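A.B. asks: just need the structure, nothing else, for what follows:
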Amino acid sequence: MITQTINISEINLHISQLIEKIETGSEIILTKDDKPVAKISKFSETKKNIHFGVLKGKVKISNDFDDPLPEAILSEFEGNECGF
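C.D. replies: Prediction:
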């Protein structure tokens, strides 16, 4: 991948050529006062694959998972005893 740096003030002069370079895989770094402020690269839609069952057998939920919380912990959630 080729990276080119261009000052923001020059974009209007070269926008067509810059887009052609981006389409072929180049990256364009936009600068202002010689400092990088943005990067332009080719847009590619990436679809994330969902893999169901990846954690099967690796995660365990205890039998008391949905039991009520003990009073000491519950009162902290409710702000009665925050320990400060």
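
A.B. asks: helices or strands next to the helix or strand of the chain with the lowest mean pLDDT in the packing?
C.D. replies: Sorted by mean pLDDT, DSSP states H and E, the helices and strands of the chain end with strand 3-7, the least confident at a mean of 79. Using 3 or more C-beta pairs under 8 Å, 6 or more residues apart in numbering; DSSP states H and E, the elements in contact with strand 3-7 are helix 11-23, strand 27-32. Just so you know, the C-beta spots here come from the backbone N, C-alpha and C atoms, and that holds for glycine as well.

A.B. asks: residue ranges in this structure under the pLDDT threshold?
C.D. replies: Filtered on pLDDT under 70, the chain yields the residue ranges 1, 80-84.

A.B. asks: in it, which residue sits furthest out from the middle?
C.D. replies: Computed with C-alpha atoms, centre = their mean, the residue of the chain farthest from its C-alpha average is residue 71, at 38.8 Å.

A.B. asks: if I look at that residue, how far off is residue 64?
C.D. replies: Plainly put, residue 71 is 15 Å away from residue 64 if you go by C-beta to C-beta, to the nearest Å.

A.B. asks: list the contacts of stretch 12-28.
C.D. replies: 1, 2, 3, 4, 5, 6, 11, 39, 40, 41, 42 (C-beta atoms under 8 Å, 6 or more residues apart in numbering).

A.B. asks: now a ChimeraX select for only the buried ones of those residues.
C.D. replies: This is the ChimeraX syntax for the buried subset of the contacts of stretch 12-28, where burial follows 16 or more other C-beta atoms under 10 Å:
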select :6,40
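
A.B. asks: save the contacts of stretch 12-28 as a markdown table, and put in distance to residue 24 too.
C.D. replies: Converted to a markdown table, these look like this (distance: C-beta to C-beta, whole Å):
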| residue | distance to residue 24 |
| --- | --- |
| 1 | 10 |
| 2 | 9 |
| 3 | 13 |
| 4 | 12 |
| 5 | 17 |
| 6 | 16 |
| 11 | 18 |
| 39 | 16 |
| 40 | 13 |
| 41 | 11 |
| 42 | 8 |
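
A.B. asks: quick one: residue 61 from residue 55, how far?
C.D. replies: 12 Å.

A.B. asks: before we move on, back to that, chain center to the least confident helix or strand of the chain, what's the gap?
C.D. replies: The chain centre lies 24 Å from the centre of strand 3-7; the measure is C-alpha atoms, centre = their mean, to the nearest Å.
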